[in-house]
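K.L.:
Below is the sequence, then the predicted model.
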Amino acid sequence: SPNPPLSCSPSPMRGPLLAAAGGAMGGAGGPLARTIRAKLTAALQPTHLEVRDDSSRHGGPPGAETHFGVLVVSGRFSGLPLLQRHRLVHEALRAELDGPLHALQVIARTPQQWQSAPCAPPPPPCLGGSKRDRRRG
């Protein structure tokens, strides 16, 4: 299959898949999803990109766009440890992570890794709470 789902589990995806290799699929998503897709494409020139909006699983109002999962397959990741790959993704999305984006699951693979295992783990469960809840001051 040329565009396997972000999750390899037999159960259906919990959040809508918003993008895949070759561009947007049917549901383009809201403004934040489009920004995430555009910024990751510009920064990492991915050969495969999937953006999944998990916000509805986390109790926010409809259209909240607060929780996302991304699968990025890029040659830029070759030779880099996982931490450096995640830093590249976070750097590309710095403004969003400082603002409306509350949680981001990142799967960062090289094209070789994706070719040998074209699937990713399911999203983690929501543990509740907020970044703002933990700030004391």
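P.N.:
Happy to help now that I have it. Numbering: from 1, shown residues only.
K.L.:
contacts and neighbour counts: CA atoms only from here.
P.N.:
Noted.
K.L.:
Do I have it right that residue 40 meets residue 91?
P.N.:
No. Using C-alpha atoms under 8 Å, residue 40 is not in contact with residue 91, being 9.6 Å away.
K.L.:
quick one: which of the two has more around it?
P.N.:
Legend: neighbour count by other C-alpha atoms under 10 Å for residue 40 and residue 91, higher for residue 40 (21 against 15).
K.L.:
and that one, helix, strand or coil?
P.N.:
helix (DSSP: H, G, I helix; E, B strand; the rest coil).
K.L.:
need the contact list for it.
P.N.:
46, 89, 92, 93 (C-alpha atoms under 8 Å, 6 or more residues apart in numbering).
K.L.:
same deal with residue 109?
P.N.:
71, 72, 73, 74, 77.
K.L.:
Strands along the chain, start to end?
P.N.:
For the chain, the strands defined by DSSP state E cover 17-20, 23-24, 48-53, 67-73, 103-109.
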